[in-house]
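Engineer: Could you look at this predicted model? Sequence included:
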Amino acid sequence: MSIHNQSLLNDTGILNIEDASIVIVYTEWNDTVINELVAGCERSLAQYNVSKVTKIKVPGAFELPFACKQYWERTQNTGKQPGAIIAFGCVIRGDTPHFDYVCQGVTQGIMQLNVELPVPTIFGLLTVENMQQAEERIGGVHGHKGEEAAITALKMISMLRAL
């Protein structure tokens, strides 16, 4: 069992991001876990005085990449484009290969967005065997992946601004 890497929450490199804009795209599935991921993300963003947060709910994990791209495209030239997009989902293994297909498709979709879009899309998809593993990632032994996603987004916005 791996232990949570506390250095992921280190805020080195996060500078002057109060005006940053973040979009959180999240799923309806496994809402207990997702609601805590989103809440942890919002808490972390608030600690850095980031108040421009838009939330978009989609039915399931497979819809995450589509929603992220559509938000980006529909906000072009409007002044509402985000500095980063965070995609949250939780896929729990079942008895069929559906888990593998969904996880692989979403992972590839979010990776493709990181190549295509000029802003980062942060991978907040939990791919777990059971609910216990999910709970370990929303404040348990593996930290809080919602908080980590927020810090990652802010670090990436800062990195882009420094370029």
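Structural biologist: Arrived safely, thanks for sending.
Engineer: which stretches of this structure form helices?
Structural biologist: Along the chain, counting by DSSP state H, helices occupy 31-47, 64-74, 98-116, 131-136, 145-162.
Engineer: neighbours of the residue nearest to Gln112 when sequence neighbours are not counted, just the number please.
Structural biologist: Leaving aside its sequence neighbours, Gln112 sits nearest to Pro65 (CB to CB, 6 or more residues apart in numbering; 7.0 Å). Where C-beta positions appear, they are placed from N, C-alpha and C, glycine not excepted. Neighbours of Pro65 under the rule other CB atoms under 10 Å: 22.
Engineer: wait, what's in contact with Pro65?
Structural biologist: Contacts here follow CB atoms under 8 Å, 6 or more residues apart in numbering; on that basis Pro65 touches Ala87, Val106, Gly109, Ile110, Gln112, Leu113, Thr121.
Engineer: wait, isn't the fourth one in contact with Ile86?
Structural biologist: Looking back up the chat, that one is Ile110. No - using CB atoms under 8 Å as the test, Ile110 is too far from Ile86 to be in contact (10.2 Å).
Engineer: More neighbours: the two, which one.
Structural biologist: Between Ile110 and Ile86, counting by other CB under 10 Å, Ile86 is the more crowded of the two (27 against 22).
Engineer: and the more buried one, bridged to which residues?
Structural biologist: Beta bridges link Ile86 to Ile24, Ile122 when assigned by DSSP bridges.
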